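K.L.:
Next input, structure requested:
(chains A and B)
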Number of protein chains: 2
Amino acid sequence: MELSINSECFHKAISEVSKAVSLKTPFPILTGIKITAEEDALVLIGSNSDLIIEKKIPLTIDGARVLEVKQTGSVVVTAKYISEIVKKLPGDIHVKADGKQLITLQSGEIITSLKGFPSEEYPNMPVIDESSPIRIPSTELLEMIKQTAFAVAKNESRPVLTGVNLFFKENHLTCAATNSHRLALRELKIDSNIRGSFIIPSTSINELVKLIPGETEIIHIFLSDSYIVFKTADSSLFSRLIEGNYPNVSALIPKDSKTVITLDTKQFLKGIDRACLFASEWKNNNVHLEIINGSRLKISSTSSEIGRIEETQPFKNIEGGSELSISLDANFMIDSLKAIKEEEINVSFGGSMKPILIEPVGNPSCLHLISPVRSY
Amino acid sequence: MELSINSECFHKAISEVSKAVSLKTPFPILTGIKITAEEDALVLIGSNSDLIIEKKIPLTIDGARVLEVKQTGSVVVTAKYISEIVKKLPGDIHVKADGKQLITLQSGEIITSLKGFPSEEYPNMPVIDESSPIRIPSTELLEMIKQTAFAVAKNESRPVLTGVNLFFKENHLTCAATNSHRLALRELKIDSNIRGSFIIPSTSINELVKLIPGETEIIHIFLSDSYIVFKTADSSLFSRLIEGNYPNVSALIPKDSKTVITLDTKQFLKGIDRACLFASEWKNNNVHLEIINGSRLKISSTSSEIGRIEETQPFKNIEGGSELSISLDANFMIDSLKAIKEEEINVSFGGSMKPILIEPVGNPSCLHLISPVRSY
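P.N.:
Modelled structure (predicted):
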């Protein structure tokens, strides 16, 4: 293998695939990146047991030559060292690997040699049927993830809840995440007849968010029994799926409510955030909501040790009864309110021990459900 | 105590004095900030056993009214909570404290109450003779600190070495820091006849750096047997001094050398930084320097497990013999080179087991000494 490559392109690609590389793996070869020089591209692969990231560097980017392959071949080198070296080498880098797993990187007067691993021992990529991709614009996919993924369970007691659920049915995709105390749900119309329910580990989802480009681009999604693949023009992310049955979350959504109030999203978020101050002294970050005189919402939090904070906010509209007194986890509220981009929300209450439903006004594709906490 | 104050000014002052407040103190009252409303200013004090920071907020700043005192008095409140609250309150804050150590902060519809401590139990400030201050421009003081303080000892086995030494003698100040393997030294002409040697804890020095304003201002320094005080227009920092005798560091500076080479500071720094890659695999971050053919400097680092990096750099000038082979701690080199703002340096070598001397070309007020490490 012998090639010349622009150091900036090389470093960017190494950084991206490195995100799938774990330092703690029991298999030394998986601490490495597989670098394959093909006739017309350099292919980099980083992986761990859950995730594979593949990145292609073409010969030219935006008309500028970034890669010249003199001899094809492949090598595996420790991600940590190659990343550090390439970051610090200026200009173009001349890369050469001999048969003995020794890779040499030269940039001007600077010569580095790194010991590698035999590339034939690197695990093979899973085989995926690429015949019928699901196509989703990158901006919509990103938004859908950001509006739901925060709600996954952080502890592993029910593994299916640590992932994000994608439920496909007749040109329709429902994305859901829940930790059984809160639920975030987002729907999307898609152009695919695929059916089925898939659970993606939230660690993979977090890496996907970093990999998806800011510019609008169509992401191709492929599914198999054990893998999901997200493909952009020059990157692919393969994620293992979590086995098991995801709960039927749509059954949890309350059909009726005693009181619905319309609030300004940002103002409500600020109020909850302020009340959070003493809420952190509670086990569940309790903030208390109460309707005062049928016309204002009181947000308060008290710690007998430290003090008390309270404020009242007007609401735009109220439907149903005006009796309300409920305690909620402030962090769950903040996560949901931050995920809503609409200016106004409808908050529906069913009683002090029933979950509250938060829906952005004018956008029926998105909802958040939060269970109350006991305040005594 | 009753007053109105601009929330931004209040928050800035609270943040600054909070830096002296430790959460881990055995005295609950020291987790608090003492807030005293005087007729014409609000005075905030935060402290721990080593450090006191005092900040004054005047009635007006740049002609704009920021403070109105309705009733003088003082109160002590937990730094953590008052800081969090004030950060989140918009506009002006109305502050009121009753006799029962309860402080109320109100901003529009938002009302907060915090339990405080009896202010008479807060420790008194040390009494300092302010009759003959040493005056140093803030920019020079900052530069002096940044060029030396990094070299203090990180472990406590010799407490005097954990501090920065200020040595005053006939209109002359020498600032030094050493961990016994490296030394950073900076001299400054001052207008004061004070004599004596004082050791300031590096934690106090780090807080001082954050407190000194970016704009040029004269810092007033006062000294007593156990305290040093740095005073700007609106802040004071009192630091405990470290007891003990500081080593006579000027005796360590070598008087003669076998070889002196002149190098480009930034280029040399980049070379050492690159070589650092494998250096981290060694206990002492070894990088090796060698003169090649009397005309170039070779910088290299080798790890038998991982690989090797090497480069050669030209030097501008050489005096003395051209035989040189020495191993040094790369991190010590990087710290010193980063502290030098001049474009060129003279590096003097006395032999492979003698410390090297780094001096910026054209600036005799600053030097760095680094001991070699064994490379076998």
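K.L.:
The stretch 201-350 of chain A: helices as residue ranges?
P.N.:
Applying DSSP state H, counting those that start in this stretch to the stretch 201-350 of chain A gives helices spanning A:202-211, A:265-279, A:330-339.
K.L.:
Make TSV from those and add mean pLDDT and mean neighbour count to it.
P.N.:
In short, each C-beta sits where N, CA and C put it, glycine included. Shown next, in TSV, are the helices of the stretch 201-350 of chain A (pLDDT from 0 to 100; neighbours: other CB atoms under 10 Å in any protein chain shown):
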stretch	mean pLDDT	mean neighbour count
helix A:202-211	94	18
helix A:265-279	90	22
helix A:330-339	96	21
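K.L.:
of all those, which lies closest to chain B?
P.N.:
Of all the helices of the stretch 201-350 of chain A, helix A:265-279 sits nearest to chain B, with 4.6 Å by CB to the nearest CB.
K.L.:
Is any residue of the closest one near chain B?
P.N.:
Yes: contact of helix A:265-279 with chain B (CB under 8 Å from any CB of the partner chain) involves A:270, A:273-274, A:277-278.
K.L.:
Is it correct that A:T112 is in contact with B:T302?
P.N.:
No: A:T112 lies out of contact with B:T302 (CB atoms under 8 Å); the separation is 10.8 Å.
K.L.:
Relative to A:G321, how far out is A:S257?
P.N.:
10 Å (CB to CB, to the nearest Å).
K.L.:
Please identify which of those two sits among more neighbours.
P.N.:
A:S257 (18 against 12; other CB atoms under 10 Å in any protein chain shown).
K.L.:
Could you report the separation of the closest residue to that one other than its chain neighbours from chain B?
P.N.:
In this structure, A:S257 finds its nearest non-sequential neighbour in A:S348, 3.8 Å apart by CB to CB, 6 or more residues apart in numbering or on different chains. Distance from A:S348 to chain B, counting by CB to the nearest CB, to the nearest Å: 24 Å.
K.L.:
what sits against A:S348?
P.N.:
Taking CB atoms under 8 Å, 6 or more residues apart in numbering or on different chains, we find A:S348 in contact with A:254, A:257, A:259-260, A:356-359.
K.L.:
Which neighbours do A:T112 and B:T302 have in common?
P.N.:
B:308-309.
K.L.:
The two - which one has more neighbours?
P.N.:
A direct count of neighbours by other CB under 10 Å for A:T112 and B:T302 places A:T112 higher, at 27 against 20.
K.L.:
Are we agreed that that one is in a strand?
P.N.:
Yes: the assignment for A:T112 is a strand, going by DSSP: H, G, I helix; E, B strand; the rest coil.
K.L.:
That one: what's it in contact with?
P.N.:
A:85, A:89, A:104-106, B:277, B:307-310.
K.L.:
can you pick the most crowded of those?
P.N.:
B:I309 (29 neighbours).
K.L.:
Apart from its neighbours in sequence, what residue is nearest that one?
P.N.:
A:T112 (4.4 Å).
K.L.:
Against A:V77, how distant is the one you found?
P.N.:
11 Å.
K.L.:
for A:N171, same thing?
P.N.:
Taken as CB to CB, the span from A:N171 to A:V77 is 45 Å.
K.L.:
Neighbour count for the two, which is higher?
P.N.:
A:V77 (28 against 12).
K.L.:
So what sits opposite the residue nearest to A:D234 when sequence neighbours are not counted in the bridge?
P.N.:
Spatially, and ignoring its direct neighbours in sequence, A:D234 is nearest to A:K56 (4.9 Å; CB to CB, 6+ apart). A:K56 has these beta-bridge partners by DSSP bridges: A:V43.
K.L.:
My read is that A:K56 contacts A:L42, right?
P.N.:
Yes: shown here, A:K56 and A:L42 form a contact pair, counting by CB under 8 Å, at 7.3 Å.
K.L.:
Which one of the two is surrounded by more residues?
P.N.:
Shown here are A:K56 and A:L42; by other CB under 10 Å, A:L42 has more neighbours (24 against 16).
K.L.:
Do you know the pLDDT at A:A233?
P.N.:
A:A233 carries a pLDDT value of 88.
K.L.:
Contact residues of the stretch 101-250 of chain A facing chain B?
P.N.:
Counting by CB under 8 Å from any CB, the stretch 101-250 of chain A sits next to chain B at A:102, A:108-115.
K.L.:
Repeat the analysis, applying 10 Å as the threshold.
P.N.:
Counting by CB under 10 Å from any CB of the partner chain, the stretch 101-250 of chain A comes close to chain B at A:102-116.
K.L.:
So which of those residues wins on neighbours?
P.N.:
A:T112 (27 neighbours).
K.L.:
contacting residues around A:L223?
P.N.:
Residues in contact with A:L223, defined by CB atoms under 10 Å, 6 or more residues apart in numbering or on different chains, are A:128-129, A:132-134, A:166, A:168, A:194, A:196, A:198, A:229, A:241.
K.L.:
Highest neighbour count among the residues you listed?
P.N.:
Highest count within the contacts of A:L223 by other CB under 10 Å belongs to A:L166, 24 neighbours.
K.L.:
Nice, that's everything, thank you.
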